[in-house]
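Student: here you go, sequence then predicted model.
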Amino acid sequence: MSNAMKSNQLFEEAQKYIPGGVNSPARAFKAVSETPRFIEKADGAYIHDVDGNRYIDYIGSWGPMILGNNNPVVLKAVQEAIVKGLSYGAATEAEVTMAKLVCELVPSVEMVRMVNSGTEATMSALRAARGYTGRSKIIKFEGCYHGHCDSLLVKAGSGLMNSGIPDSAGVPAGCASDTLTAVYNDFDSVERLFEENKGEIAALIIEPIAANMGVVLPDPAFLKKIREICDVNGTVLIADEVITGFRMGIDGAQGLLGLKPDLSTFGKIIGGGMPVGAYGGKREIMEMIAPLGPVYQAGTLSGNPVAMAAGIAQLTELKNHPEIYTHINKLGAMLCDGLREIAAAAKANCVVNQIGSIGSMFFTGEPVTDYASAKKSDTAAYADYFKHMLNCGIYFAPAQFEAMFISNSHNEENIKDTLECAARFFKV
Ligand code: KE4
């Protein structure tokens, strides 16, 4: 195992003052029974920990670093913004620029509100949908993760799924009872909920490409039927594109898959690495939001000028350089096809799901199409694989039910090195 002496020391110290020693469970390395590596710096496709180990970075801050770590264009924009002031709590031109850019890049978004995280984005979108429809109930999907607002911590993915507790303590029964859960890729489960709750469902929220139970792709007709049943029932369709937004292409998973949601939520890439979330969509729904309408939502640092500078620079790079998507998608396929071949050669029980520049390797022999099939994965085997790869200098998600992310800084040599390390693990 790579030298982790300083990380061990820092982790000991951190656990005295921070719950679990981390500010987010997803980075705790608990699911792989390892000490979390404390990162000192990052550049391009790499991150460096406090013990001097360098890793090829397949997390990229869980998605934001699509251009690679420390992209010079983003850095320059931040440096220019920072000297003017860190925050004003007042309107700025940058917020108008960002809003216009998002509305231009994502056709379904007619109006957009900036917030500070993906959680705030989904929480606010739900409130907008409930205010707009006057209804309370919502539908989410088992294994999808939409951040940690109370209504959505029900059968959730990501850190909850990786810890084996899909529901969180502290969520009042009254709140959770308005959250109905359906099965991803199982339209019958959705139809049943609409029949049992006629006229009561305010919103259906979905990751159009699921990436928080590991990567799980939607069946082609599934999203189309979801759109139709929401239309018939006057239910607001919310596409949670916090991961897939500006990742699957400049217009996200909705552009790639031909989905027209009523509201969309964003995070990660939209902030260029700074804390930014956003929600937006149909004007008639967004006009419900204060100070225009009766649905209240606010935020001291929403639209922060430095964060806007980072996000605008990143989105503009992606808009002006479509070849970035060609590159990251090619490497995504190269990595995942390679892993698939290695596992097959080793006759290992592994399934690799991939689309564009995200993917997951599940330690199971069956197709992974939803929460139940994902849960059949051998998480202990995944932990062994993760530790082997980490020791080779490859930084994958420290938990089975997450995704790998490729950036524009990754190259074919990185992929070859990664596959050589994986081949050694599978002894082929
Ligand atoms: P944040 O509040 O963490 O910015 O975004 C919440 C969120 C909302 N929607 C989707 C589809 C998401 O994937 C997320 C957050 N993703 C996790 C990774 N699976 C963030 C990592 C973490 O929690 O530390």
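Tutor: Happy to help now that I have it. Worth saying up front: this structure is predicted, and the values here are computed from it rather than measured.
Student: only C-alpha atoms for contact and neighbour calcs from this point on.
Tutor: Fine.
Student: what about residue 368, which SS state?
Tutor: When classified by DSSP: H, G, I helix; E, B strand; the rest coil, residue 368 comes out as coil.
Student: once you drop chain neighbours, what's closest to it?
Tutor: Spatial nearest neighbour of residue 368, chain neighbours left out: residue 374 (5.3 Å); criterion: C-alpha to C-alpha, 6 or more residues apart in numbering.
Student: Three-state assignment for the one you found, please.
Tutor: Classified using three-state DSSP, residue 374 is helix.
Student: per-residue confidence at it?
Tutor: For residue 374, the pLDDT comes out at 98.
Student: so who does it touch?
Tutor: Counting by C-alpha atoms under 8 Å, 6 or more residues apart in numbering, residue 374 makes contact with 213-214, 362, 368, 401.
Student: and the residue most central in space within the chain, how close does it get to residue 178?
Tutor: Centroid-nearest residue in the chain, with C-alpha atoms, centre = their mean: residue 243, separated by 3.2 Å. With the distance defined as C-alpha to C-alpha, to the nearest Å, residue 243 ends up 25 Å from residue 178.
Student: likewise residue 21?
Tutor: Noted for residue 21: a distance of 33 Å to residue 178, by C-alpha to C-alpha.
Student: might one say that the residue nearest to the centre of the chain is in contact with residue 270?
Tutor: No: taking contacts as C-alpha atoms under 8 Å, residue 243 lies outside contact range of residue 270: 9.9 Å.
Student: what residues sit buried inside the host helix or strand of residue 161?
Tutor: Residue 161 is part of helix 158-163, with elements assigned from DSSP states H and E. Using 16 or more other C-alpha atoms under 10 Å as the burial criterion, the residues of helix 158-163 that qualify are 158-162.
Student: now it, how far from the chain's geometric center?
Tutor: Remark: helix 158-163 is offset 13 Å from the chain centroid, using C-alpha atoms, centre = their mean, to the nearest Å.
Student: give me the next element, helix or strand, following it.
Tutor: helix 173-176.
Student: now that following helix: average pLDDT?
Tutor: 88.
Student: just checking, next helix/strand downstream of that helix?
Tutor: Counting by DSSP H and E, the element after helix 173-176 in chain order, helix or strand, is strand 179-182.
Student: nearest to the ligand within the stretch 301-428 of the chain, name that residue for me.
Tutor: residue 402 (5.7 Å; C-alpha to the nearest ligand atom).
Student: about what we covered before: just say helix, strand or coil for the residue nearest to the centre of the chain.
Tutor: coil.
Student: how about it, what does it touch?
Tutor: 63, 211, 266-269.
Student: what does the stretch 101-250 of the chain put close to the ligand?
Tutor: 117-119, 145-147, 158, 207, 212, 240, 242-243 (C-alpha under 6 Å from any ligand atom).
Student: ok, 8 Å please
Tutor: Within reach of the ligand by C-alpha under 8 Å from any ligand atom, the stretch 101-250 of the chain has these residues: 116-122, 144-148, 157-159, 207, 210-212, 240-244.
Student: which of those residues are buried? Put it as a PyMOL command.
Tutor: Buried members of these, defined by 16+ other C-alpha under 10 Å, are picked up in PyMOL with:
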select buried, resi 116+117+118+119+120+121+122+144+145+146+147+148+157+158+159+207+210+211+212+240+241+242+243+244
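Student: okay, and which of the residues of the stretch 101-250 of the chain next to the ligand map to helices?
Tutor: Members of those lying in helices (criterion: DSSP state H): 118-122, 158-159.
Student: identify the farthest-apart pair in these.
Tutor: Comparing every pair within these by C-alpha to C-alpha identifies 121 and 159 as the most remote, at 18.5 Å.
Student: would you mind measuring from the residue nearest to the centre of the chain to residue 271?
Tutor: 12 Å.
Student: ok, residue 145 next?
Tutor: 19 Å.
Student: any regions of the chain where pLDDT drops low?
Tutor: Within the chain, the segments meeting pLDDT under 70 span 1.
Student: what's the domain layout of it?
Tutor: Domain segmentation of the chain under automatic domain parsing yields 41-70+322-426, 73-320.
Student: residues touching residue 384, list them.
Tutor: Residue 384 touches residue 32, counting by C-alpha under 8 Å, 6+ apart.
Student: can you tell me how far it is from residue 25?
Tutor: Taking C-alpha to C-alpha, one finds residue 384 at 20 Å from residue 25.
Student: with residue 397 instead?
Tutor: Distance from residue 397 to residue 25, by C-alpha to C-alpha: 12 Å.
Student: those two: who's more crowded?
Tutor: The neighbour count for residue 397 versus residue 25, taken as other C-alpha atoms under 10 Å, is higher for residue 397 (23 against 17).
Student: how near is that one to residue 153?
Tutor: Taking C-alpha to C-alpha as the measure, residue 397 falls 21 Å from residue 153.
Student: one more: residue 127?
Tutor: 15 Å.
Student: likewise residue 258?
Tutor: 28 Å.
Student: then residue 280?
Tutor: Distance from residue 280 to residue 153, by C-alpha to C-alpha: 22 Å.
Student: neighbour count: the two, which is higher?
Tutor: Higher neighbour count among residue 280 and residue 153: residue 280, with 28 against 23, using other C-alpha under 10 Å.
Student: looks like the more buried one contacts residue 286 (just checking).
Tutor: Yes: here residue 280 reaches residue 286: they are 6.6 Å apart, a contact under C-alpha under 8 Å.
Student: what touches both of the two?
Tutor: 111-112.
Student: pretty sure residue 343 sits in a helix.
Tutor: Yes: according to three-state DSSP, residue 343 belongs to a helix.
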